[in-house]
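Visitor: Quick one, structure for this:
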Amino acid sequence: MKKTQLNFTGLSKMYKDELLFNILPFWLNNSIDREFGGYFTCLTREGKVFDTDKFIWLIGRQVWMFSTLYNKVEKRQEWLDCAVHGGEFLKKHGHDGKYNWYFSTTREGLPLINPFNITRDPIFSYAFAAMAFAQLNLATGNEEYAEIAKKTFKHIRSKLNGSNDKSKENHEGVRKLKSFGLPMIMCNLSLEIQHILDDAVLQEITDNCIHEVVDVFYRPELGIVVENVTVDGKLSDTFEGRLVNPGHAIEVMWFVMDLGQRLNRPGLIEKANNIALRMAAFGWDKKYGGIVHFIDRLGYPTEQLDWDQKVWWVHIEALVTMIKGYQLTGSKESLEWFEKIHEYSWSHFRDLEYNEWFGYLNRQGELLLTLKGGKWKGCFHVPRGFYQCWNVLEALSVNDLP
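Guide: Residues are numbered from 1 along each chain as shown. Presented below is the predicted three-dimensional model:
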């Protein structure tokens, strides 16, 4: 790989310090419910709780995050304590006793909404519970946590055929569609729970999710990834069928690149990087900068009224994808996109007065909401993204010019 003028050492420290001294303290100081267990996620700019409902997928994400940091960064007791605290709430209150995971509960842990009533993310509560307990098992050695992850994964496998069929939202037998969300999360899941899966099962899941991502939802005739296709893999000229979510498409490509590394498939890594570059160009707002939330692939109005917002997770995940793309392929274009998205993200989403990052901007890049956490934003995309960028940039720092 050719040497570059970009200072990876300085950038690595920038992401590391932001994670360790800004992002993580916010969640450790403000999110832990020491009376009833679990975490608060609805937090103001300053970190005050504004709603006490608890969201199982977000608790799973935070358990996974602090378990992963404990496993891979440093054996800090406060990180392990935080992870176990959330894991025990999930174990006691997050499911129906048979590891059918809820979407949300009251503060005390009484169930509010079942996951399959949430059409936006019908299986994410299960997926993040499995990821959380798999990493918590590695952190603690507690085999009960591994068993919970295994049982949850069995539920996920049993739902794979039906849960991705969006036709259940509509009249039976009419307009059967499947969603990109399922193969996307399965790519992520297969990276995180491999130590508890049988090799044959892992291979089957991995092969299938990679195929769905790069051969079904990626449409070479369009050069983009679509969010929904018919159950037989065809395009649909409907609101849902025309929908493109650039953030989803870009995020999943770093999962695929990581899988390509694990499988020793450089061609897959190259393909994923090229798709990510196309999606960044497709989603970039040429007038105001930043990546828009949703696009109709034919240029029609979307049904999503927030289509033009600039949201935190899209940009954080794009940073990870672009710097990994550069690391693994040497693509100059990937590095240029990283620099571009880095500049936009640090100048728009970072809060210079309080810890953590803002989540929601309007199209012009102006702040829409001052919250730091809510029903959809928790302790996940920002810390995971900063952890990933820090590690990749640190590995790249050997290329810094003297």
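
Visitor: buried set for stretch 88-107?
Guide: In terms of neighbour count (16 or more other Cβ atoms under 10 Å), stretch 88-107 has its buried residues at 88-91, 93-95, 99-105, 107. (Glycine included, C-beta is placed from N, CA and C.)

Visitor: which pair in the residues you listed spans the largest distance?
Guide: Spatial extent of these (Cβ to Cβ) is set by the pair Tyr99 and Arg107 at 22.1 Å.

Visitor: taking the buried residues of stretch 88-107 one by one, which sit in helices?
Guide: Using DSSP state H, the subset of the buried residues of stretch 88-107 located in helices is Glu88, Phe89, Leu90, Lys91, His93.

Visitor: Nearest to Phe380 among the buried residues of stretch 88-107?
Guide: Nearest to Phe380 among the buried residues of stretch 88-107 is Leu90, at 14.8 Å by Cβ to Cβ.

Visitor: OK, contacts around that closest one?
Guide: Gly38, Ile56, Ile59, Gly60, Val63, Ala129, Ala132, Phe133 (Cβ atoms under 8 Å, 6 or more residues apart in numbering).

Visitor: quick one: which of those is nearest Leu24?
Guide: Nearest to Leu24 among these is Val63, at 14.1 Å by Cβ to Cβ.

Visitor: For that closest one, which three-state class applies?
Guide: The assignment at Val63 comes out as helix when based on DSSP: H, G, I helix; E, B strand; the rest coil.

Visitor: can you count the residues close to it?
Guide: Residues near Val63, counting by other Cβ atoms under 10 Å, number 32.

Visitor: Tell me the confidence at it?
Guide: Here, the pLDDT recorded for Val63 equals 98.

Visitor: Could you verify my assumption that it touches Trp79?
Guide: No: contact criterion Cβ atoms under 8 Å: Val63 and Trp79 do not qualify, at 10.9 Å.

Visitor: Next up, phi/psi of Leu177, please.
Guide: Backbone torsions for Leu177, taken as degrees, to the nearest 10, come to phi -130, psi 160.

Visitor: Same question for Glu343.
Guide: phi -60, psi -40.

Visitor: What's the local residue count around it?
Guide: Glu343 has 11 nearby residues by other Cβ under 10 Å.

Visitor: Please name the nearest non-neighbouring residue to Trp337.
Guide: Leaving aside its chain neighbours, Trp337 sits nearest to Met322 (4.5 Å; criterion: Cβ to Cβ, 6 or more residues apart in numbering).

Visitor: Would you verify that that neighbour is located in a helix?
Guide: Yes: counting by three-state DSSP, Met322 is found in a helix.

Visitor: What residues does it make contact with?
Guide: Ala276, Ala280, Ser334, Leu335, Trp337, Phe338, Ile341.

Visitor: Counting neighbours, which of the residues you listed comes out on top?
Guide: Among these, the one with the most neighbours (other Cβ under 10 Å) is Ala276, at 29 neighbours.

Visitor: Now it: which helix or strand?
Guide: In the assignment (DSSP states H and E), Ala276 maps to helix 266-283.

Visitor: Report all helices and strands that that helix contacts.
Guide: strand 224-225, helix 246-263, helix 312-329, helix 332-348 (3 or more Cβ pairs under 8 Å, 6 or more residues apart in numbering; DSSP states H and E).

Visitor: Can you name the next helix or strand after the first one?
Guide: Downstream of strand 224-225, the first helix or strand assigned by DSSP H and E is strand 228-230.

Visitor: Give the next helix or strand downstream of that following strand.
Guide: Moving toward the C-terminus from strand 228-230, the next helix or strand (DSSP H and E) is helix 239-242.

Visitor: who's in contact with Tyr70?
Guide: For Tyr70, the contacting residues are Arg76, Trp79, Leu80, Ala83, Ala139, by Cβ under 8 Å, 6+ apart.

Visitor: can you give me the strands for this protein?
Guide: Remark: strands assigned in the chain by DSSP state E are 42-43, 49-51, 54-55, 104-105, 111-113, 177-179, 218-219, 224-225, 228-230, 243-244, 295-296, 310-311, 360-361, 367-369.

Visitor: I'd like those written out as TSV, with mean pLDDT and distance to Gly289 added.
Guide: Formatted as TSV, the strands of the chain follow (pLDDT from 0 to 100; distance: least, Cβ to Cβ, whole Å):
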stretch	mean pLDDT	distance to Gly289
strand 42-43	98	27
strand 49-51	98	30
strand 54-55	98	31
strand 104-105	96	35
strand 111-113	93	36
strand 177-179	92	29
strand 218-219	98	25
strand 224-225	98	20
strand 228-230	96	28
strand 243-244	98	19
strand 295-296	98	16
strand 310-311	98	8
strand 360-361	98	10
strand 367-369	98	15
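
Visitor: Kindly compare burial across those and name the winner.
Guide: strand 54-55 (a mean of 27; mean count of other Cβ atoms under 10 Å).

Visitor: Walk me through which strands that one pairs with, and which way each runs.
Guide: Applying DSSP bridges to the sheet, strand 54-55 is found paired with strand 104-105 (antiparallel).

Visitor: I figured Asn228 hits Leu177, correct?
Guide: Yes: using Cβ under 8 Å, Asn228 is in contact with Leu177, at 4.7 Å.

Visitor: how far out from the middle of the chain is the worst-scoring helix or strand of the chain on mean pLDDT?
Guide: In the chain, no helix or strand scores lower on mean pLDDT, DSSP states H and E than helix 143-163, which sits at a mean of 87. Its chain's C-alpha centre and that of helix 143-163 lie 19 Å apart, by Cα atoms, centre = their mean, to the nearest Å.
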